[in-house]
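*Asks:* can you look at this prediction? I've put the sequence above it.
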Amino acid sequence: MSTDLESFYGGVVADLAESLPNGSITWCHAASADDVAVALEGELSSVAPRSLSEASGEAGHHVQWSGHGKTLVIGELDSWFVVMEPDDWTGSETLPRLSGGGEAVSLYLGDTLRRYNLHYARNGEQLCRFQWGAEPDGDPSPLASLLSGLLVTSTTTPFDEWKAHALILVERITGVRLTTEWLSREHTRFVQGPYFRDVPPDDGELWA
């Protein structure tokens, strides 16, 4: 394990503590961002350019009504689409569908309740889930060769260190590196449908 890599992702973790303290990040393959949005119940008519910080403010409005952010921020990172969901975790819930014909991985960050999970799916099936402070669920053996030196299976790892190691595992799976610069860029925002999770249809100002 490279201490330089741990330090690098420690910086990403510190950035996420400010920009995405509660929510999820999902990596998947698709033909287009529109296809990813539709798979996650995003409305194509709601598309707009947004940074993660801007979208987080919008998500806060939805949380007041539904307890969910209902906001998808989708960007491209090499051959992967990366979906950031402030105050929400649709990607984790639909990971098997997103992994059809390939792989998908989703990191749930819950700073408020100190809950952190990393989900991995392949060919339409969720294979395993790594959890901070607990043993993995499912079968992590398909990732055995990628786990060397990582502490995501340890039940005693400090949570910030666990998050950094989870991001290193994501890099090993996807071959792409998540950076603070990429996280701060403007990407494409979609809002999930007005009735998704029984949200009152009165938030039309976010659909522009």
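*Replies:* Everything's here; your move. Numbering: from 1, shown residues only.

*Asks:* in which helix or strand would I find the residue lying closest to Thr26 once chain neighbours are set aside?
*Replies:* Leaving aside its sequence neighbours, Thr26 sits nearest to Gly91 (Cβ to Cβ, 6 or more residues apart in numbering; 3.0 Å). C-betas here are computed from N, CA, C, even on glycine. For Gly91, the element it lies in under DSSP states H and E is helix 90-93.

*Asks:* just checking, what packs against the next helix-or-strand element following that helix?
*Replies:* Moving toward the C-terminus from helix 90-93, the next helix or strand (DSSP H and E) is helix 95-98. Helix 95-98 is packed against strand 22-28, helix 33-39, strand 103-110, strand 115-122, strand 125-131, with contacts defined by 3 or more Cβ pairs under 8 Å, 6 or more residues apart in numbering; DSSP states H and E.

*Asks:* could I get these as CSV with mean neighbour count and mean pLDDT?
*Replies:* What follows is the helices and strands packed on helix 95-98, written out as CSV (neighbours: other Cβ atoms under 10 Å; pLDDT from 0 to 100):
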stretch, mean neighbour count, mean pLDDT
strand 22-28, 25, 97
helix 33-39, 18, 96
strand 103-110, 24, 97
strand 115-122, 22, 97
strand 125-131, 18, 97
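
*Asks:* hmm, back to that, if I pick the residue nearest to Thr26, what's in contact with it?
*Replies:* With contacts defined as Cβ atoms under 8 Å, 6 or more residues apart in numbering, Gly91 is in contact with Ser24, Ile25, Thr26, Cys28, Leu40, Val83, Glu85, Leu98, Ala104, Ser106.

*Asks:* in stretch 59-73, what's buried?
*Replies:* Within stretch 59-73, the residues scored as buried using 16 or more other Cβ atoms under 10 Å are Ala59, His62, Val63, Ser66, His68, Gly69, Lys70, Thr71, Leu72, Val73.

*Asks:* and the residue nearest to Thr26, what's its pLDDT?
*Replies:* Gly91 carries a pLDDT value of 89.

*Asks:* turn the contacts of Gly91 into JSON lines, including distance to Pro158.
*Replies:* Formatted as JSON lines, these follow (distance: Cβ to Cβ, whole Å):
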{"residue": "Ser24", "distance to Pro158": "21"}
{"residue": "Ile25", "distance to Pro158": "20"}
{"residue": "Thr26", "distance to Pro158": "24"}
{"residue": "Cys28", "distance to Pro158": "29"}
{"residue": "Leu40", "distance to Pro158": "31"}
{"residue": "Val83", "distance to Pro158": "27"}
{"residue": "Glu85", "distance to Pro158": "25"}
{"residue": "Leu98", "distance to Pro158": "30"}
{"residue": "Ala104", "distance to Pro158": "27"}
{"residue": "Ser106", "distance to Pro158": "22"}
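
*Asks:* quick check on Ser99: phi, psi?
*Replies:* phi -100, psi 10 (degrees, to the nearest 10).

*Asks:* and what of Leu150?
*Replies:* Dihedral angles (degrees, to the nearest 10) for Leu150: phi -100, psi 150.
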